[in-house]
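Colleague: A structural model of the following input is requested.
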Amino acid sequence: MKILFIFPPKKEWAFKDIKLHKKIDEESGNYPPLGILYVASFLEKNISNCEIKILDAPTENLDFEFIRQYIKNFSPDLVGIYFCTEYLKDALRVTDILKNENKKIITVVGGPHLHIYPLETIEYPNIDFVVYGEGEIVFYKLVETLIHNKDPNQVEGIISKINRNKDHKIQFVANLDELVFPNRKLLDYKKYRSFITYDNPITTMITSRGCAYNCYYCNSIERAKRVRFHSPEYVVKEIESIVKLGIKDIIFFDENFTFNIDRVEAICDLLIEKKLNIRWHCRSRADMKLDKRILRKMKEAGCRMIQFGIETATPRLQKIINKHLDLERVKKVIKLCKEVGILTYGNFMLGLPTETPKEMLNTIDFAIKLNLDYAPFGIFNPLPKSVFYEKAIKEGIINKDYWLEYVRNPDKPISNYWWPLHNKEILNRINYLAFRKFYFRVKYILKALFRKQSFAQKFWQAKSALKLFFS
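Modeller: Model prediction:
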């Protein structure tokens, strides 16, 4: 069986009006499509006589005409397409191209969009199957069923036009160590890079799935779920396979890499023992048990930077978003990171529900006082199926389900993306101000110039900053 996976082009964004964030996304780099790689690699190992190809359109800068010609030449039996709600129109266009080229091609769609809108998506005429949940085992079972001419509608986690009225349960992989390392050779792995790493090429890893917290702005499949872990031995073996490719910069994409400190320490001990000489970034909450001892060990094991979701400097808003960070603890952890030589990255939101312009400005000042190495500021927009979005619709703050309208008609981009009780122009002005105040300071520029980083990276950052703010 010939199987093709496609990460669609990113041409038609749902938020066309948020120009700043579109520019930032374009300048920040490109990451390997890990979800596709996991599924493809699991198939590659477990099903013989399968020819597997992957098209990563954004990284390779492939247009729809290239995809059409590739399909014509490769003649796949089955195509898996990554679906993201914000780029839904592009993904749907890929399904149209597939069926127009050959109606016998089986189209299977997966990704974060399907965790939220599975039944709405199966209604599209050129989609045969939806993968509902984590896809590795589900996709494998679907392919195996099709190869042996069995009924695919009986596969748990597969939604079709025939079984859509069944009571479907979202699928999760219980034992992560049963999965196969992503075969990065299925892609041109040297093309992946990041704006914030020491050097390029880079790759990404996921060492755990699930998030024990339930922030009200989040709509991830991971939220409020039991955290499942790869064993430290599995993690380090995967890192060893990455090092063999000549890649030394790794970004861990776990929701919270430091959730289990004992496991973090075990991973670090193995990395130190094996002397793998890598640099890695991870995500954490600032209220984890990050003391100087464990941070020193992380640094020794290659940790270069930790990314913290701080969001707001207002204690009452910390409660409203259900994050409940102790801001004094945030200051202490950031300070400890700096003392041991680990770079810090803080995420912030502007325009949260009930937030005042003064509170937004205080958040900007807080980020500056923390002396963070990187601090992106985003305008809060209520995500579909998040607690904030559902509650706002119920209470009439949001007067229509505009995300559902967009899913039903993605030809119309979303224009009212901010929290409706805020003023759009004020939000945009404060958002631009945040980036200017944080990054265009003499102190920050000097720190960036002397930061340990390759010259090519520093040149890229300087060029992007000028392009972003003076174009």
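Colleague: how about the most centrally placed residue in the chain, phi and psi?
Modeller: Within the chain, the residue whose C-alpha comes closest to the C-alpha centroid is residue 253; the distance, by CA atoms, centre = their mean, is 7.3 Å. Backbone torsions for residue 253, taken as degrees, to the nearest 10, come to phi -100, psi 10.
Colleague: show me the helices in the stretch 251-400 of the chain, by range?
Modeller: In chain order, the stretch 251-400 of the chain shows helices spanning 261-274, 292-300, 315-320, 327-340, 357-369, 387-395, with DSSP state H, counting those that start in this stretch as the criterion.
Colleague: between those, which gets nearest to residue 115?
Modeller: Put simply, out of these the one that sits nearest residue 115 is helix 387-395, at 14.5 Å, with distance taken as CB to CB. Any C-beta I mention is one placed from the backbone N, CA and C, and that applies to glycine too.
Colleague: what lies in contact with that closest one?
Modeller: Applying CB atoms under 8 Å, 6 or more residues apart in numbering, the contact partners of helix 387-395 are 214, 216-217, 219, 322, 353, 382-383, 397-398, 400-401, 403, 419-420.
Colleague: same question for stretch 189-199.
Modeller: Surrounding stretch 189-199, the residues in contact under the criterion CB under 8 Å, 6+ apart are 27-32, 59-60, 200-204, 245-249, 251, 279, 281, 304-305, 345, 374, 452-454, 456-457, 460-461, 464.
Colleague: please pick the buried ones from the contacts of helix 387-395.
Modeller: In terms of neighbour count (16 or more other CB atoms under 10 Å), the buried residues within the contacts of helix 387-395 are 216, 217, 219, 353, 382, 383, 398, 403, 419.
Colleague: redo these as a markdown table? Include pLDDT and distance to residue 92.
Modeller: Supplementary listing: these in a markdown table, determined by pLDDT from 0 to 100; distance: CB to CB, whole Å:
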| residue | pLDDT | distance to residue 92 |
| --- | --- | --- |
| 216 | 98 | 30 |
| 217 | 97 | 27 |
| 219 | 96 | 20 |
| 353 | 97 | 32 |
| 382 | 96 | 23 |
| 383 | 96 | 20 |
| 398 | 94 | 25 |
| 403 | 97 | 16 |
| 419 | 93 | 28 |
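Colleague: most widely separated two among those residues?
Modeller: Spanning the widest gap among these are 353 and 403, at 16.8 Å by CB to CB.
Colleague: so how far is stretch 19-27 from its chain's centroid?
Modeller: 15 Å (CA atoms, centre = their mean, to the nearest Å).
Colleague: how about the CA coordinates for it, as PDB?
Modeller: These are the backbone C-alpha positions of stretch 19-27, laid out as PDB (Å, rounded to 0.1, in the frame of the first residue of the first chain):
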ATOM      1  CA  LYS A  19      -0.800  41.000  11.200                       C
ATOM      2  CA  LEU A  20       1.800  41.200  14.000                       C
ATOM      3  CA  HIS A  21       1.400  37.500  15.000                       C
ATOM      4  CA  LYS A  22       1.400  36.300  11.500                       C
ATOM      5  CA  LYS A  23       4.700  38.100  10.900                       C
ATOM      6  CA  ILE A  24       6.200  36.700  14.100                       C
ATOM      7  CA  ASP A  25       5.100  33.100  13.100                       C
ATOM      8  CA  GLU A  26       6.700  33.500   9.700                       C
ATOM      9  CA  GLU A  27      10.000  34.700  11.300                       C
END
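Colleague: quick one: the strands in the stretch 1-150 of the chain?
Modeller: Assignment of strands within the stretch 1-150 of the chain using DSSP state E, counting those that start in this stretch yields the ranges 2-7, 29-30, 51-56, 78-82, 106-110, 129-131.
Colleague: please identify the deepest-packed of these.
Modeller: Each of the strands of the stretch 1-150 of the chain was given a mean neighbour count from mean count of other CB atoms under 10 Å, and the largest, a mean of 26, is that of strand 129-131.
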